[in-house]
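S.K.: how would this look folded up:
(3 chains)
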Amino acid sequence: MDILAKLNPAQREAVEQVHGPVLILAGPGSGKTRVITHRVAYLIKICGISPRHIMAVTFTNKAAREMKNRLFGGSEKDHTTPLLTWSMRDQITLGTFHAICARILRRDGRAIGVNPDFVIYDAEDQLKLVKRAIQNVNLDPKQYAPPLVRSRISAAKSQLLTPKDYIEQSISYLDKVVSWAYERYQQLLTENNALDFDDLLMKVVELFRSHPEILAEYHERYRHIMVDEFQDTNLTQYELVRQLSGKYRNICVVGDPDQSIYSWRFADTRNILNFEKDYLDTKVVLLEQNYRSTKRILETASSIISANGEHNPRKLWTDNKPGELTTIVETYNEQEEAQFVISELSHLVEQNKAHLSDCAVMYRTNAQSRALEEIFIRKGTPYKLVAGTRFYERREVKDIIAYLRIIQNPSDSISLLRIINVPPRAIGKRSISKLSDWAESRKISLYEALRFIALSNGNQSESPKLPFNHRTTVLLAGFFDLLAEIITKSAEFNMTKLFNLVAKSLGYKEYILKETDGEERWDNILELGSVASKYDDLKPREGLTAFLEGVALVSDLDGLDDSIGAVTLITLHQAKGLEFPVVFIVGMEEGILPHFRSFDIPEQIKEERRLCYVGITRAKERVYLVHAFRRRLIGLSTANSPSRFLEDIPRHLISGTEVQWGEVRQPIGKTYPLASDSTSVTIIPELSPGNRVRHNQFGEGLVISCQSVTDDNEVLVAFRRVGLKKLLLSFARLEKVE
DNA sequence: GCCGTGTTATTTTTT
DNA sequence: ATAACACGGC
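M.R.: The predicted structure is shown next:
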């Protein structure tokens, strides 16, 4: 019974309750993952359930992988003792909703007209298609912004609304527009033999609804189902869970309403409430003991979340030591903010209180990472950024993937258009739009159109007349031959060979090397190649399918490597589910956290507060909440007041000895010791934004911003006569005008 | 067909 | 402020 030995009574209850519906409300750090993994082990080892009969759904691929490692061991030379044997690893179904659904559709999608060779469209592809859809229904994409329409479509799909449903319940004209675009968009997806992220889920629900006999097979296959992060599921996912667990009702969901931070992605916390209603015999288990954080961290977090005023029967507690006070710091601007983080990090490391890899800097928006990075690079502090410029969104990576997608699915016109003239083949805009029109008028895919052109090239007697001159016909035919050739070869090439064919022998390498940052771009392609090579063991076409599915469903977090000795830079959203001994949350300001886009809507402010809660509860030992007096946002520097969330933290939890927030501070002459050298740097803006200055050449002006650069201060001044100038303080001889 | 300039939006969070 | 994008000239 050693599976139960290390669990507390509540955890044990959650593990042992293997039959019927179970709802586990698990606060942060309460051993949620532990419960899930032990529950799986218990099902297999004690109850004798085959791992084939178990499905566990996680929020990210990373979570799935880690769970697998805990269950079955990370690798053969893993020295930790896994709960189960390595050989069971491939039998269990453990992954994200999207990955699991993609698999179901490849297997059984045919029944509802989903071709198993479908490709998965990402946000960028979707946007292109939405734009086309809007044009196709004779509307102007400038008047109806494609991102908005896409978001509405996604919202509809997250609630299981088909275009028909949407039309029926649309009231406003905009709704009508969206419904028309939605309908056409779905047609286009079908024509391209593509599915978007939302389709993966919705089509499976559709499949199960229309084909009870297929659902029945899945009932027998998956007799035990578990879903993690249930507070972040949407209605479609909920329905899917309901369908799958419909027969045996062995369904265990784990969640925490206080950590619900994805309502903008149409996640719906009501799923938790509905669960208890739909399954009246639900066993509810509360996990309230926190094993992660110190008492003070937990108190800080609780003080913030309780200000949301939700009645909450759950009360987190911990046996851990009281620990350190929460540090709240105000800095002058975002550069200083980064410097503060670095200097504090170096103290912690010097005093042996933490390793760099124990520390994380969290922020609300990705844009905030930039200022941090700049200073980190300058000071030589190693960091790892989760999702820099996201690898799979880079142009060169997507280009190569587009070639590979066409091999899998020649109907994919979005991908075809992407590479028809990349590298340049003298096929210009004009020819491309003629080709598109022609294909559209004949209701065939671009690939088929190209095939037709290639066949008729050389025998002029071919009816109907092609709208291309000879030169263009030859070029298009040449392109078709190229695609046809790689498609033929793909039948027997493994992934490495196929990848090399596409990336190295089509002139792409030469082309990309000539571009700016060509070397770097080529390196990215080589990296993509090493990902591809992991699929070499599979049969040619299967390897390709698996590879494409893998790259479509990766998340940024997947690349996060915790073995490197560097600070982690991460958004608050990405940080969910992770933990670090030391956590900095920067940008604790009104407008950033809470984000100004949430100001008008109380529900959204609440979500911002939960986001803050998630951030703080990632910490085991130390929390720093940092806000800047000024911050450059979209060009201009603005003064931000401290986040309202800081006001919810009781005084006795805050260390306010060094710098106090809430007081107006003179932003002059503050000294911080720096990490890389043990000397100090003093930032002395002799001028501050708002000051009037005179320059003997440029005349009078207004100081917009000051920032320290290496050995100097850089001042941005708006001159009345000559406009914006960037000046170095020591050279510019500026005179202050009172 | 390509290149340059001027205009415009853009910034929340992502499977 | 910056990047993407459209338009117009070469």
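
S.K.: can you give me the offset of stretch A:175-192 from its chain's centre?
M.R.: Its chain's average C-alpha position is 25 Å from that of stretch A:175-192, according to CA atoms, centre = their mean, to the nearest Å.

S.K.: Could you see whether DNA strand B lies near it?
M.R.: No. On the criterion CB under 7 Å from any atom of the strand, stretch A:175-192 is out of touch with DNA strand B, staying 14.9 Å away. The way it works is simple: take the backbone N, C-alpha and C, and place the C-beta from them, glycine included.

S.K.: I'd like the mean pLDDT over the helix ranked longest in chain A, please.
M.R.: In chain A, taking DSSP state H as the definition, the longest helix is helix A:470-490. Averaged over helix A:470-490, pLDDT sits at 89.

S.K.: Ok, stretch A:630-645 next?
M.R.: Rounded mean pLDDT across stretch A:630-645 is 82.

S.K.: Stretch A:296-308 too?
M.R.: 94.

S.K.: likewise stretch A:155-162?
M.R.: 93.

S.K.: So what does A:Leu455 look like in phi/psi?
M.R.: Backbone torsions of A:Leu455, given as degrees, to the nearest 10, read phi -70, psi -40.

S.K.: Could you measure from it over to DNA strand B?
M.R.: From A:Leu455 across to DNA strand B, the span is 22 Å (CB to the nearest atom of the strand, to the nearest Å).

S.K.: For that residue, report the pLDDT, please.
M.R.: For A:Leu455, the model assigns a pLDDT of 86.

S.K.: what about the longest helix of chain A and DNA strand B, touching?
M.R.: No. Helix A:470-490 stays clear of DNA strand B (CB under 7 Å from any atom of the strand), getting no nearer than 8.0 Å.

S.K.: So what touches the helix or strand just after that helix?
M.R.: Later in the chain than helix A:470-490, the nearest helix or strand by DSSP states H and E is helix A:495-504. The contact list for helix A:495-504 (CB atoms under 8 Å, 6 or more residues apart in numbering) reads A:400, A:403-404, A:407, A:486, A:489-490, A:493, A:508-509, A:525, A:528-529, A:532-536, A:538, A:540, A:543-544, A:547.

S.K.: In helices only, show me those residues.
M.R.: A:400, A:403-404, A:407, A:486, A:489-490, A:508-509, A:525, A:528-529, A:532-533, A:540, A:543-544, A:547.

S.K.: Of those residues, grab the buried ones for PyMOL.
M.R.: Per 16 or more other CB atoms under 10 Å, the buried members of these correspond to this PyMOL selection:
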select buried, chain A and resi 400+403+404+407+486+490+508+509+525+528+529+532+533+540+543+544+547
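
S.K.: near DNA strand B, which residues of the stretch 351-500 of chain A?
M.R.: Taking CB under 7 Å from any atom of the strand as the contact definition, the stretch 351-500 of chain A meets DNA strand B at A:Arg364, A:Thr365, A:Asn366, A:Ala367, A:Ala387, A:Pro424, A:Ala426, A:Ile427, A:Gly428, A:Lys429, A:Arg430, A:Ser431.

S.K.: what residues are up against the second one?
M.R.: This means A:Thr365. A:Thr571, A:Gly587, A:Ile592, A:His595.

S.K.: Equivalent analysis for the last one, please.
M.R.: Applying CB under 8 Å, 6+ apart, we find A:Ser431 in contact with A:Phe468, A:Thr472, A:Leu475, A:Leu476.

S.K.: From DNA strand C, how far off is the closest residue to DNA strand B within the stretch 351-500 of chain A?
M.R.: Closest residue of the stretch 351-500 of chain A to DNA strand B, CB to the nearest atom of the strand: A:Gly428 (1.3 Å). As judged by CB to the nearest atom of the strand, A:Gly428 and DNA strand C stand 11 Å apart.

S.K.: Neighbours of the nearest residue to that residue once chain neighbours are set aside, how many?
M.R.: Excluding the flanking residues, the one nearest A:Gly428 by CB to CB, 6 or more residues apart in numbering is A:Asn421, at 7.2 Å. A:Asn421 has 16 neighbouring residues, counting by other CB atoms under 10 Å.

S.K.: My guess is A:Asn421 contacts A:Ile427. True?
M.R.: Yes. Under the criterion of CB atoms under 8 Å, A:Asn421 lies in contact with A:Ile427, with a separation of 4.6 Å.

S.K.: quick one: secondary structure of the nearest residue to A:Cys359 once chain neighbours are set aside?
M.R.: Excluding its sequence neighbours, the residue lying closest to A:Cys359 (CB to CB, 6+ apart) is A:Val582, at 4.2 Å. With DSSP: H, G, I helix; E, B strand; the rest coil as the basis, A:Val582 sits in strand.

S.K.: Check whether A:Val582 really touches A:Val361, as I assumed.
M.R.: No. Using CB under 8 Å, A:Val582 is not in contact with A:Val361; the gap is 9.4 Å.

S.K.: okay, the two: which has more neighbours?
M.R.: The residue with more neighbours, out of A:Val582 and A:Val361, is A:Val361; 27 against 24, by other CB under 10 Å.

S.K.: Report the contact partners of A:Arg223.
M.R.: A:Ile49, A:His53, A:Ile54, A:Tyr248, A:Asn250.

S.K.: okay if I get the residues you listed as a markdown table plus pLDDT and secondary structure?
M.R.: As requested, the contacts of A:Arg223 are arranged in a markdown table below (pLDDT from 0 to 100; DSSP: H, G, I helix; E, B strand; the rest coil):
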| residue | pLDDT | secondary structure |
| --- | --- | --- |
| A:Ile49 | 94 | coil |
| A:His53 | 96 | helix |
| A:Ile54 | 96 | strand |
| A:Tyr248 | 95 | coil |
| A:Asn250 | 96 | coil |
